[in-house]
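>>> Everything below, folded, please.
(4 chains)
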Protein chains: 4
Amino acid sequence: MDGWQANMILDDGGDLTHWVYKKYPNVFKKIRGIVEESVTGVHRLYQLSKAGKLCVPAMNVNDSVTKQKFDNLYCCRESILDGLKRTTDVMFGGKQVVVCGYGEVGKGCCAALKALGAIVYITEIDPICALQACMDGFRVVKLSEVIRQVDVVITCTGNKNVVTREHLDRMKNSCIVCNMGHSNTEIDVTSLRTPELTWERVRSQVDHVIWPDGKRVVLLAEGRLLNLSCSTVPTFVLSITATTQALALIELYNAPEGRYKQDVYLLPKKMDEYVASLHLPSFDAHLTELTDDQAKYLGLNKNGPFKPNYYRY
Amino acid sequence: MDGWQANMILDDGGDLTHWVYKKYPNVFKKIRGIVEESVTGVHRLYQLSKAGKLCVPAMNVNDSVTKQKFDNLYCCRESILDGLKRTTDVMFGGKQVVVCGYGEVGKGCCAALKALGAIVYITEIDPICALQACMDGFRVVKLSEVIRQVDVVITCTGNKNVVTREHLDRMKNSCIVCNMGHSNTEIDVTSLRTPELTWERVRSQVDHVIWPDGKRVVLLAEGRLLNLSCSTVPTFVLSITATTQALALIELYNAPEGRYKQDVYLLPKKMDEYVASLHLPSFDAHLTELTDDQAKYLGLNKNGPFKPNYYRY
Amino acid sequence: MDGWQANMILDDGGDLTHWVYKKYPNVFKKIRGIVEESVTGVHRLYQLSKAGKLCVPAMNVNDSVTKQKFDNLYCCRESILDGLKRTTDVMFGGKQVVVCGYGEVGKGCCAALKALGAIVYITEIDPICALQACMDGFRVVKLSEVIRQVDVVITCTGNKNVVTREHLDRMKNSCIVCNMGHSNTEIDVTSLRTPELTWERVRSQVDHVIWPDGKRVVLLAEGRLLNLSCSTVPTFVLSITATTQALALIELYNAPEGRYKQDVYLLPKKMDEYVASLHLPSFDAHLTELTDDQAKYLGLNKNGPFKPNYYRY
Amino acid sequence: MDGWQANMILDDGGDLTHWVYKKYPNVFKKIRGIVEESVTGVHRLYQLSKAGKLCVPAMNVNDSVTKQKFDNLYCCRESILDGLKRTTDVMFGGKQVVVCGYGEVGKGCCAALKALGAIVYITEIDPICALQACMDGFRVVKLSEVIRQVDVVITCTGNKNVVTREHLDRMKNSCIVCNMGHSNTEIDVTSLRTPELTWERVRSQVDHVIWPDGKRVVLLAEGRLLNLSCSTVPTFVLSITATTQALALIELYNAPEGRYKQDVYLLPKKMDEYVASLHLPSFDAHLTELTDDQAKYLGLNKNGPFKPNYYRY
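From the prediction side, this is the model:
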């Protein structure tokens, strides 16, 4: 690739961006923008920006509406069931489950489990999400209140040490523990690597951790992400993500000078809407068009964007 | 009230604000802020602000998370059923219903109707909301595709002339038509006031509009808001709204000089979270507190706010 | 009506049948059969039959499939919401509700309340129904375990004294108590008519019963049937019942001698299927017909009946 | 096993029974009963009985309530999702699915798919089941009405040639076809073994059948049972079935002479209730006991059975 020079960075996690910064800062002279799709990578970009070190425009596609909803809510609604079934064959009906965290991932997991007859409890730190959980029909509890009675524990917080050794000690025999959040820190798996506990690998991705009294806790994927380790990601979700990335690259590359500064931007809403519209035909969905009169009444362009930036969907 | 002077404006719709502007502009010298809770009033404030005519800080409490979710999603999920039952005694099971608009109000209506066995179709102009409707299990259609077959038509768009005379002409006998959106313009009721159609008031808030061939369309509340005209608003929802307003008034009044300029602000997220937290005890919900270590890991204050401003809930 | 003579009895509760037995036994000479639609009336007929006193054929239409499902499951799924809303304006989201009895009525109530975001507990005496409740996602408890925490108590047992004074004493302030079962005996209302409790009629069908410490229990319809007292019965349900009765009358009247003896019969399945088929067009439902080959394979007549008598639907 | 002699037959499908009849009829001299758990085996027993050839009592445990509900409704509610995911990774949200047959299996499949955001259509031959489908929120159609538009076709009829070559010819590209019914006859797979169609095995249990124009239909398990071929049966379901069988064996063996004749019997309801009660502790479910007074009021024994034989659950 003699003479080839990168003109855009498409990153997932921020490692590539970091590496270019450290090793080949000159490359940035030709780079017209960074597109980043992960929570972590976005976080690193915002820190660069705050520190005044971001030298090209960056686009946070992680927080585009379509990407968020499909990667989290819609995808996890299906993959929690798939991941649990493939690893444990557990029957969902009548099972007591505690889900830690009622963000998009938690909402997806809870909706699916409730629909299949599980009894779901929620833990939350954020009162707004907690109130949503109440209105959606879930009891909001502290983990310690229900840890003795539940059949399944699922973490979706993005936090660390949400399930501690103390919790694990109090779980009942055969309790299943898994993580749907964004890292492998939510369950304190390290605390289980102690001499008095025996680990038994019963099949791929499934360990029994055995207490001296014979109690077994079923740990999935050693606390790593269940949806990545033990279920599949539907092509439809990949298509949404890839489309979002491609559009962001095109936008940054084609943008007239001055539209984007050395900062982190959300995907323009009109593009977000475009990603969605490209995926409607596979559902045979038919959009309604505004009449001129209606567009005027609403103060909208007939082609969108249709919502203010703070709209929550 | 000799010598009494207003120091805050609490408005709903923007009429009071408008009136003070027109008649008593001097009052604004003592006013420390405006709190506005309606879509319309907020719209007027943003226009004032754009025109550079807003002379005090204003707070848009309409778009606070808790207020939005309770006034729209959660409240409409219940009031659509209540409003239809009280006026028509319709059985929901097996009914075909088209809901125009899949915003928070539409989402609430659809969830409730689907849960009670209705078959629901959606019309949408926004591809993102349309995609959500698909993923939630609803066919997205143009109104004309299903208008001949549906038993109930519900508008939740905020738009005008969504249901036209042409649609009304094609509805089947006994079709129920009602409006859950934000004004009385969504159904073109005026078009029904023509000599060839007979109106028959069958009970309070219920008119039969009768075509020459005997076909009857059941029009509720003459196209005004069903949830306000024909059902009740639970005290819990009122409490959420009133709390939000009170906190906004306190915030604007107590804010140190310079925190708010002559502009329109969203309720600070921390207050939004506070509104939610005040309502958790009635559900016996128990929040989890972050440890110091966890707060540091997440980069959050233990007391919130817990989410970035663009978080969608 | 000179010379007119009854040739059939259409009864609901068995009082008419009882009265004819006592006062005008001769009328039975011309009577070709009795059609009875209530639980109580059917019970009385089976007792007559056991005692060898039934002198004409009788048809138990109460237990026809369509009648049962519509009178109980489908109707109550809607009327529980309607009855509670009209009397109390309670918001369902997040409310803790205990439903006593998980028969068809209980199943209907629970499905609706769960769908609208309530957290529902079940009490049951029958292990099969209890297991169904588990698989449908409800905790099965004794009433005393949850009586202190619930916001609403609903009885659907057909039993008596299911909610006792002791339970009522332990309810929290503002707890709503109502009955969806088949009589007014399920809640021990008599036990509340004691001097230390004050009754306050707050609106039609709604009493506050006030304890000396100020606690109020909200009693609906004085413990009588909520669905009859405080909500409406959709015409669709009435149509199902009336069709069932009419067909039963015709069947008994037209039956060739010997088809029915002096006993109690369930509606022939083919008629039950006919009742259903008459109501399908209002849903624009299209039945599939068996080919000759398929009918032969299944050992069925192409026109039904399609199921063995013990089929449970 | 010198001298050992069989004293009971535990059969699944009727083959063992048939074989003993043919080859070792003398064995029946010592046999005290047959317990049969499958639809087919039960059918064969009823035919033997009709023909007067059944020489020992037989128990139909296939139609016990708990066995039916767990083998069909509850198990299929989970295995339809599991089977489709493991074979195709299909995303359920927004998919159009037609389910042929709305018996217990169909009800389970539909409930799960609807809950995960699929749009489900039903075909039915029985008007009662069709009416249930309507009330549960499904459109009842003929297969030909929707065959061009659906993404998934699922058969649950027990019938043959429900999906014909003509239907297969009209399916859209990538349509998934599978069978959840009781045999491999529901989809006319033989009709696909013609020269103009190409079969491509894409992975275990998954064939692409390719039309000359390139259209592919995704056939699962070559039309055999999806739930047996491509998903697992939870141990809980096996436990229910095994308990039912064991109790039936004990009952037939211990029954005093004369209780059972040379006929086919349903499991006594009290045993059915006992099977359920043995499985309640795993849900931590607490049954309520009748008081003496209540038992008398209801005319029931405190220990059951609690329902008449025709009760439908």
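>>> count of neighbours near the closest residue to residue A:203 other than its chain neighbours?
When the adjacent residues along the chain are set aside, residue A:203 lies closest to residue A:87, with 7.5 Å between them (CB to CB, 6 or more residues apart in numbering or on different chains). C-beta: built from backbone N, CA, C; applies to glycine. Residues contacting residue A:87 under the criterion other CB atoms under 10 Å in any protein chain shown number 22.
>>> now residue A:297
Residue crowding around residue A:297 was assessed by other CB under 10 Å; the count is 15.
>>> How about it: what's its closest non-neighbour residue?
That would be residue B:160: by CB to CB, 6+ apart, it lies 5.1 Å from residue A:297.
>>> list the contacts for that neighbour?
Remark: with contacts taken as CB atoms under 8 Å, 6 or more residues apart in numbering or on different chains, residue B:160 is in contact with A:293-294, A:297, B:183, B:185-186.
>>> swap the cut-off to 10 Å and go again
Applying CB atoms under 10 Å, 6 or more residues apart in numbering or on different chains to residue B:160 gives the contacts A:291, A:293-294, A:296-298, B:181, B:183-188.
>>> Give me the lowest-pLDDT entry from those.
The weakest per-residue confidence within these falls on residue B:183 (81).
>>> Surely residue A:87 is in a helix?
Yes. Counting by DSSP: H, G, I helix; E, B strand; the rest coil, residue A:87 is located in a helix.
>>> wait, it sits on residue A:177?
No. The pair residue A:87 and residue A:177 does not pass the contact test of CB atoms under 10 Å, sitting 11.4 Å apart.
>>> So for these two, which residues contact both of them?
In terms of CB under 10 Å, 6+ apart, residue A:87 and residue A:177 are both contacted by the residues A:218, A:220.
>>> per-residue pLDDT, the nearest residue to residue A:260 once chain neighbours are set aside?
Using CB to CB, 6+ apart and skipping the chain neighbours, the partner closest in space to residue A:260 is residue A:57 (3.6 Å). pLDDT for residue A:57: 97.
>>> Let me see the contact set for residue A:57.
A:31-35, A:251-252, A:255, A:259-265.
>>> out of the contacts of residue B:160, which are inside helices?
Where these overlap with helices, as defined by DSSP state H, the overlap consists of A:293-294, A:296-298.
>>> Against residue D:176, how distant is the closest residue to chain D within the stretch 1-150 of chain A?
Per CB to the nearest CB, the residue of the stretch 1-150 of chain A with the smallest distance to chain D is residue A:115, at 3.2 Å. If you measure residue A:115 against residue D:176 using CB to CB, to the nearest Å, the figure is 21 Å.
>>> same check, this time on residue A:304
Distance of residue A:304 to residue D:176, computed by CB to CB: 34 Å.
>>> just residue A:97 next, same as before
When CB to CB is the yardstick, residue A:97 and residue D:176 sit 29 Å from each other.
>>> Of these two, give the one with the bigger neighbour count.
When neighbours are counted by other CB under 10 Å, residue A:97 and residue D:176 differ, and residue A:97 comes out ahead with 24 against 21.
>>> Mind listing the residues bridging to the nearest residue to that one once chain neighbours are set aside?
Counting by CB to CB, 6+ apart, residue A:152 is the residue found nearest to residue A:97 once chain neighbours are left out, at 4.3 Å. Partner residues in beta bridges with residue A:152, using DSSP bridges, are residue A:97, residue A:176.
>>> per-residue confidence for residue A:152?
With respect to pLDDT, residue A:152 has a value of 98.
>>> any idea how far it is from residue C:130?
Relative to residue C:130, residue A:152 is positioned 21 Å away (CB to CB).
>>> Repeat that for residue A:160.
With the distance defined as CB to CB, residue A:160 ends up 40 Å from residue C:130.
>>> so what does the helix ranked longest in chain A touch, helix or strand wise?
Taking DSSP H as the assignment, the helix of chain A that covers the most residues is helix A:235-254. Under the contact definition 3 or more CB pairs under 10 Å, 6 or more residues apart in numbering or on different chains; DSSP states H and E, helix A:235-254 sits against strand A:9-11, strand A:34-36, strand A:58-60, helix A:65-68, helix A:75-88, strand A:264-266, helix A:269-279.
>>> centre of the chain versus the fifth one, how much separation?
Put simply, helix A:75-88 sits 15 Å off its chain's centre (CA atoms, centre = their mean, to the nearest Å).
>>> what does the third one give?
Its chain's C-alpha centre and that of strand A:58-60 lie 17 Å apart, by CA atoms, centre = their mean.
>>> Quick one: list the elements packing against that strand.
In this structure, strand A:58-60 makes packing contacts with strand A:34-36, helix A:39-50, helix A:235-254, strand A:264-266, judged by 3+ CB pairs under 10 Å, 6+ apart.
>>> Any chance of the backbone angles for the residue nearest the centre of chain A?
If you average the C-alpha coordinates of chain A and look for the closest C-alpha using CA atoms, centre = their mean, you land on residue A:72, 4.5 Å from that point. Here the main-chain torsion angles of residue A:72 (degrees, to the nearest 10) amount to phi -110, psi -80.
>>> ok, it - contacts?
A:103-108, A:156, A:180, A:182, A:227, A:237.
>>> Adding mean neighbour count and mean pLDDT as columns, could you present the helices and strands packed on strand A:58-60 in CSV?
Conversion of the helices and strands packed on strand A:58-60 to CSV gives the following (neighbours: other CB atoms under 10 Å in any protein chain shown; pLDDT from 0 to 100):
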stretch, mean neighbour count, mean pLDDT
strand A:34-36, 27, 97
helix A:39-50, 18, 93
helix A:235-254, 19, 96
strand A:264-266, 19, 95
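>>> Flag every residue of the stretch 101-250 of chain A that's near chain B.
With CB under 10 Å from any CB of the partner chain as the criterion, the stretch 101-250 of chain A comes near chain B at residues A:101-104, A:107, A:111, A:122-136, A:138-145, A:157-162, A:164, A:185, A:236, A:240.
>>> 6 Å instead?
Counting by CB under 6 Å from any CB of the partner chain, the residues of the stretch 101-250 of chain A lying close to chain B are A:123, A:125-128, A:130-131, A:134-135, A:140-142, A:159-160.
>>> out of the residues you listed, who has the most neighbours?
By neighbour count, taken as other CB under 10 Å, the most surrounded of those turns out to be residue A:131 (31 neighbours).
>>> Shouldn't it be within a helix?
Yes. If the criterion is three-state DSSP, then residue A:131 is within a helix.
>>> and it, what pLDDT?
Looking at residue A:131 specifically, the model assigns a pLDDT of 98.
>>> Skip the chain neighbours and tell me the closest residue to it.
With CB to CB, 6+ apart as the measure, residue B:276 is the residue that lies nearest to residue A:131, at 4.4 Å, once sequence neighbours are left out.
>>> Point out where the stretch 201-313 of chain A drops to low pLDDT.
Across the stretch 201-313 of chain A, nothing is flagged by pLDDT under 70.
>>> ok and the residue in it nearest chain D?
When CB to the nearest CB is the measure, the stretch 201-313 of chain A has its nearest residue to chain D at residue A:234, with 3.8 Å between them.
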